[in-house]
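Trainee: Model the structure of this input:
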Amino acid sequence: MNTAQLEATARYLVQPGRGILAADESNASANKRLAAVNVEQTEENRRLYREILLTTPEAKDILSGVIFYDETFWESTSEGKAFRDVLADEGILSGIKVDEGLIDFPGFPGEKLTKGLDGLPERLSKYAEHGARFAKWRALITIDNDQGIPTDECIDANAVILARYARLCQEFDIVPIVEPEVLFDGTHAPDTCEAIMRRVYNALFAALKTYRVHLPGTILKTSMVLPGKESGIALDPRDVSERTVRVLHDLVPHELGGVVFLSGGQTPSQAFLNLNAIAQKGPHPWGCTFSYSRGLQDPVLKYWAEHRDNIDDAKNIFAHQLVIARDSASGKLKTESLGGDFVSGGQDQ
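Mentor: Now for the predicted structure:
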């Protein structure tokens, strides 16, 4: 394990004024999003759409990294240049999603574990050989008061899996992004979400310590503390930021390599307003920025679906979203044009 390299990569990913594009949707999730805008769900359409994002000129000034799905990691532009090489030429690091999706947690109805540890060392070796500098693994924590979930058993099991994944990544000098996503769906109140996030992070950092994960070479990808989407409670950036910052400052070790936020089913407008409020609560002990998928992409996807031949304007929309993300992560958001309220389909559950 090259701890100096791991730490340098983590610092690079969360440096001020930059952030991460999550373009790691599985084929099933990507197809769900194409279906939402009435685009045929094919490998070529997935590639064409992602080429818009990865070849937008402004990306080199704002993105520090891009998380790929396996399919996209090996793909190329229409001119035949590997996407990984396009990014490398612009100083953007390539990352890779290495979990293999969700499975039911036997004996615990409504709860999920994430699979993919089998064969992971071999896959990490291959990705590292071809330029991957960081990776991501997503665990899913569902809140349902009626079912009494999440259970401690589910939280603990996912924390151990995240820690095992993280340690394996570091053996190949790949920075692990650990993502225990507390799902936005549900009818829960924000104080419930806050309490559950405390349970999740207590378990996560205990497991990372147990498995001897090098924290300065590790990044946390986190949800915000939000009321459930079906709760009827409006998102208030002041409340979201106060609760989110309180949890993170209380429980996230200061030596961690960085913290990045997921947009997690919020509208683009909500995701940026809440991130901006969180940034304004700083300074924070670690580098803190965005790792958005739908918050950055949904306005681009919607436009491209309706104007398939107007690639330049689609890139302009993505450039606009990147600027908003940069400003939000710095607490300096000014524009009122935040990308609208369209939200495409989420990741597989």
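Trainee: hey, where'd the helices end up in the stretch 201-349 of the chain?
Mentor: Secondary structure of the stretch 201-349 of the chain (DSSP state H, counting those that start in this stretch): helices located at 237-251, 268-280, 294-306, 311-329.
Trainee: Of all those helices, which one is nearest residue 87?
Mentor: The closest of these to residue 87 is helix 311-329. By Cβ to Cβ, the value is 14.1 Å. In this view, the C-beta of every residue, glycine as well, is placed from N, C-alpha and C.
Trainee: What residues sit buried inside that closest one?
Mentor: Applying a neighbour-count criterion of 16 or more other Cβ atoms under 10 Å, one finds 314-322, 324-329 buried in helix 311-329.
Trainee: Out of those residues, flag the one nearest to residue 210.
Mentor: residue 329 (31.5 Å).
Trainee: Find the residue ranges of the stretch 1-150 of the chain scoring beneath the pLDDT cut-off.
Mentor: Of all residues in the stretch 1-150 of the chain, none has pLDDT under 70.
Trainee: Helices along that one, start to end?
Mentor: Under DSSP H, counting those that start in this stretch, the stretch 1-150 of the chain gives helices at 3-13, 27-36, 43-54, 59-62, 70-73, 83-89, 120-129.
Trainee: For residue 293, find the nearest of those.
Mentor: helix 27-36 (9.1 Å).
Trainee: With just CA atoms, put that closest one into CSV.
Mentor: Provided in CSV are the C-alpha atoms of helix 27-36 (Å, rounded to 0.1, in the frame of the first residue of the first chain):
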residue,chain,number,x,y,z
ASN,A,27,-26.8,-0.6,-17.5
ALA,A,28,-30.2,-1.3,-15.9
SER,A,29,-30.2,2.1,-14.2
ALA,A,30,-29.0,3.9,-17.3
ASN,A,31,-31.7,2.2,-19.4
LYS,A,32,-34.3,3.3,-16.8
ARG,A,33,-33.2,6.9,-17.3
LEU,A,34,-33.2,6.7,-21.1
ALA,A,35,-36.7,5.2,-20.9
ALA,A,36,-37.8,8.2,-18.8
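Trainee: Could you name the helices and strands sitting against that helix?
Mentor: helix 43-54, helix 294-306 (3 or more Cβ pairs under 8 Å, 6 or more residues apart in numbering; DSSP states H and E).
Trainee: Give me whichever of the ones you listed is most buried.
Mentor: Of all the helices and strands packed on helix 27-36, helix 294-306 has the most neighbours on average by mean count of other Cβ atoms under 10 Å, namely a mean of 23.
Trainee: what inclination does that helix have with respect to helix 43-54?
Mentor: Using axes from the mean of the first three to the mean of the last three Cα atoms, to 10 degrees, the inter-axis angle of helix 294-306 relative to helix 43-54 is 120 degrees.
Trainee: and the longest strand out of those in the chain, how far from the chain's centre?
Mentor: The single longest strand within the chain, with elements called by DSSP state E, is strand 132-141. Centre-to-centre, strand 132-141 and its host chain are 8 Å apart (Cα atoms, centre = their mean, to the nearest Å).
Trainee: Show me what that strand is packed up against.
Mentor: Counting by 3+ Cβ pairs under 8 Å, 6+ apart, the packing neighbours recorded for strand 132-141 are helix 3-13, strand 63-68, strand 93-97, strand 112-114, helix 152-171, strand 175-182, strand 219-222.
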